[in-house]
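Student: Quick check, what structure comes out for this input:
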Amino acid sequence: MASATTSFRLRPIMKQGTAASIPETWTRYASIADARVGAKSMYQNDRVLRVMLVLDSVGSYVEWIER
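Tutor: Residues are numbered from 1 along each chain as shown. As a prediction, the model looks like this:
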């Protein structure tokens, strides 16, 4: 389980281009629940195919967040 100081990031898989212009890519999320809300916002961009949730510190995979 994640500690109180753990933060999370979202890594989108794009249909085309990069995710640099999507603000949620650069946001640090304090909880998995907050990150899931951010992923829902990412999915409003039709270029986003999938979103991966990772630990911010090491980039370790946590889960795929589906539409």
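Student: who touches T6 in this structure?
Tutor: Contacts for T6 were tallied using CB atoms under 8 Å, 6 or more residues apart in numbering; they are L55, D56, S57. No exception for glycine: its C-beta is placed from N, CA and C like everyone else's.
Student: In JSON lines: the residues you listed, plus secondary structure and pLDDT.
Tutor: Below are the contacts of T6 laid out as JSON lines (DSSP: H, G, I helix; E, B strand; the rest coil; pLDDT from 0 to 100):
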{"residue": "L55", "secondary structure": "strand", "pLDDT": "94"}
{"residue": "D56", "secondary structure": "coil", "pLDDT": "89"}
{"residue": "S57", "secondary structure": "coil", "pLDDT": "83"}
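Student: quick check, nearest of those to K40?
Tutor: If you rank these by distance to K40 using CB to CB, D56 comes first, at 19.2 Å.
Student: Return the member of the contacts of T6 nearest to V48.
Tutor: For the contacts of T6, the nearest to V48 is D56 (19.4 Å; CB to CB).
Student: Can you tell me the closest non-neighbouring residue to the closest one?
Tutor: With CB to CB, 6 or more residues apart in numbering as the criterion, D56 has its nearest non-adjacent residue at 4.2 Å, and that residue is S7.
Student: Please identify which helix or strand holds the residue most central in space within the chain.
Tutor: In the chain, the residue lying closest to the centroid (CA atoms, centre = their mean) is L10, at 1.5 Å. Taking DSSP states H and E as the criterion, L10 maps to strand 8-14.
Student: quick one: buried residues of the helix or strand hosting D34?
Tutor: Taking DSSP H and E as the definition, D34 sits inside helix 32-42. By neighbour count with 16 or more other CB atoms under 10 Å, helix 32-42 contains the buried residues A35, R36, G38, A39, M42.
Student: where does this structure dip in pLDDT?
Tutor: By pLDDT under 70, the weakly predicted segments of the chain are 1-4.
Student: Thanks again, I'm all set now.
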